[in-house]
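S.K.: what's the 3D shape of this:
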Amino acid sequence: MDFADHLKNLSLRASKLQSQVKTEEATKQALILPFFSALGYDIFNPLEFQPEFTADIGLKQGEKVDYAVLQDGKPVILVECKTVTDKLNKADSQLFRYFHTTTAKFGILTNGIDYKFYTDIEQRNKMDEKPFLNVNILNIKEQDILELKKFHKSVFDVNQIFSTASELKYLNEIKSILSSELEFTSEEFAKYFITIVYPGRATANVVKQFQTIVKKALNQFTSEIVSARIKSVLDKEKEDEKADAQKEAEGRLVETTDEEMEAFYIIKGILRQEIKGDRIFYRDVQSYFSVLIDDSNRKAICRLYLTEAKKCIGIMDAGKREIRYDLTTLDDIYKYTEQLLAAVKIYQ
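M.R.: Prediction:
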């Protein structure tokens, strides 16, 4: 089972158990620990996942955070847990106080459903006010899976995650702003467009009018993008269906000969000097037998014309033009090894 499947199963589990979980401890056991287990951590090994991690603060000794993910004996992630019914508010979080007292670079605040990931982008060793990543386990998006995978034990790299955290943080904030503006366009947002498209003065009435216009424009624009994407997918499916039907029809009409297959294996043997064998395919149509890379007509290496009257091979040059060479026997294909290997390099 791959990582995405683990997360999908976790989402289903959380959906079923959410209403049954009543306490913080139950939230940890039912929802939070399985999450970190999905990230590859041994939740029963205190050397890599330590519960009740001590984070002393000044004169306060023995202060503890719920969990700490350890790397080489040092904390890299601090985790504070809340009850599943609690709203996550960083202002009430102990993470903010603990963060600067440890070597941890990331803090996670969670109630088992929502996971907020923090770091110190704005000021070193001081946890940011806003998270750089928000994940709702009940509504996992494709991008969430990609970001969460970076926290998997097998690939976890503090520097790599931190280097992309800043862009991710501001990207999410901008998306949040755009989402809000789609719902209710603010005066400030409307004024931005007024300065660009409206030649007159931005009076109160004009601003109010443009709030409605901008909201309509945003909604129409996003709707058009979605429609275009859907049409593109449907068109691609139709093209694939048409291509499959054509291949099936050709397959019924064309009989691949033993001679063509023998030639294919000779060419495949030559091409394997430059490319793996599982990327080399053939297609047989009525007028010729072609050898392709990745089963794509756009990556043709050569075409074989093997008739009783005449035999030849057409090899693609650097400009993807077919250059034909006569064959007396199939062994003559070896004479054009250099040209065949050069054709492969066109697609590398």
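S.K.: Unless I misread the structure, residue 75 falls within a strand.
M.R.: Yes: counting by DSSP: H, G, I helix; E, B strand; the rest coil, residue 75 is part of a strand.
S.K.: That one contacts residue 69, doesn't it?
M.R.: Yes: here residue 75 reaches residue 69: they are 6.9 Å apart, a contact under CB atoms under 8 Å. C-beta: built from backbone N, CA, C; applies to glycine.
S.K.: just the helices in the stretch 101-250 of the chain please.
M.R.: Applying DSSP state H, counting those that start in this stretch to the stretch 101-250 of the chain gives helices spanning 142-149, 158-183, 187-197, 204-253.
S.K.: how far does the third one sit from the chain's center?
M.R.: Centroid displacement of helix 187-197 relative to its chain, using CA atoms, centre = their mean, to the nearest Å, is 34 Å.
S.K.: tell me the angle it makes with helix 158-183.
M.R.: With axes from the mean of the first three to the mean of the last three CA atoms, to 10 degrees defining the directions, helix 187-197 sits at 80 degrees from helix 158-183.
S.K.: could you give the mean pLDDT of helix 187-197?
M.R.: Averaging pLDDT along helix 187-197 yields 92.
S.K.: again with the last one
M.R.: In this model, helix 204-253 has an average pLDDT of 81.
S.K.: what's the following helix or strand past it packed up against?
M.R.: Heading C-terminal from helix 204-253, the first helix or strand you meet, by DSSP states H and E, is helix 258-271. Contacts defined by 3 or more CB pairs under 8 Å, 6 or more residues apart in numbering; DSSP states H and E place helix 258-271 against strand 280-284, strand 289-293, strand 300-306, helix 337-345.
S.K.: cutoff 10 Å now
M.R.: If you count contacts as 3 or more CB pairs under 10 Å, 6 or more residues apart in numbering; DSSP states H and E, helix 258-271 packs onto strand 280-284, strand 289-293, strand 300-306, strand 311-316, helix 337-345.
S.K.: Show the average pLDDT along that helix.
M.R.: Mean pLDDT, computed over helix 258-271, is 94.
S.K.: so it versus strand 289-293, what angle?
M.R.: For helix 258-271 against strand 289-293, the angle by the same axes, to 10 degrees is 30 degrees.
S.K.: distance between helix 258-271 and the chain's centre?
M.R.: Centre-to-centre, helix 258-271 and its host chain are 38 Å apart (CA atoms, centre = their mean).
S.K.: can I have it written out in CSV, keeping just the CAs?
M.R.: Taking Å, rounded to 0.1, in the frame of the first residue of the first chain, the C-alpha atoms of helix 258-271 are listed here in CSV:
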residue,chain,number,x,y,z
ASP,A,258,7.5,-13.7,-38.7
GLU,A,259,9.9,-11.6,-40.9
GLU,A,260,8.7,-8.4,-39.3
MET,A,261,9.1,-9.7,-35.8
GLU,A,262,12.6,-11.0,-36.6
ALA,A,263,13.5,-7.5,-37.8
PHE,A,264,12.0,-6.0,-34.7
TYR,A,265,14.1,-8.1,-32.4
ILE,A,266,17.2,-7.2,-34.3
ILE,A,267,16.4,-3.5,-34.0
LYS,A,268,15.5,-3.9,-30.3
GLY,A,269,18.8,-5.5,-29.6
ILE,A,270,20.6,-2.6,-31.2
LEU,A,271,18.6,0.0,-29.5
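S.K.: I figured residue 168 hits residue 148, correct?
M.R.: No: at 11.8 Å, residue 168 does not count as touching residue 148 under the criterion of CB atoms under 10 Å.
S.K.: Compare the two (neighbour count), which wins?
M.R.: residue 148 (22 against 18; other CB atoms under 10 Å).
S.K.: what sits against that one?
M.R.: Residue 148 is in contact with 3-4, 6-7, 35, 38-39, 115, 117, 133, 135, 137, 140, counting by CB atoms under 10 Å, 6 or more residues apart in numbering.
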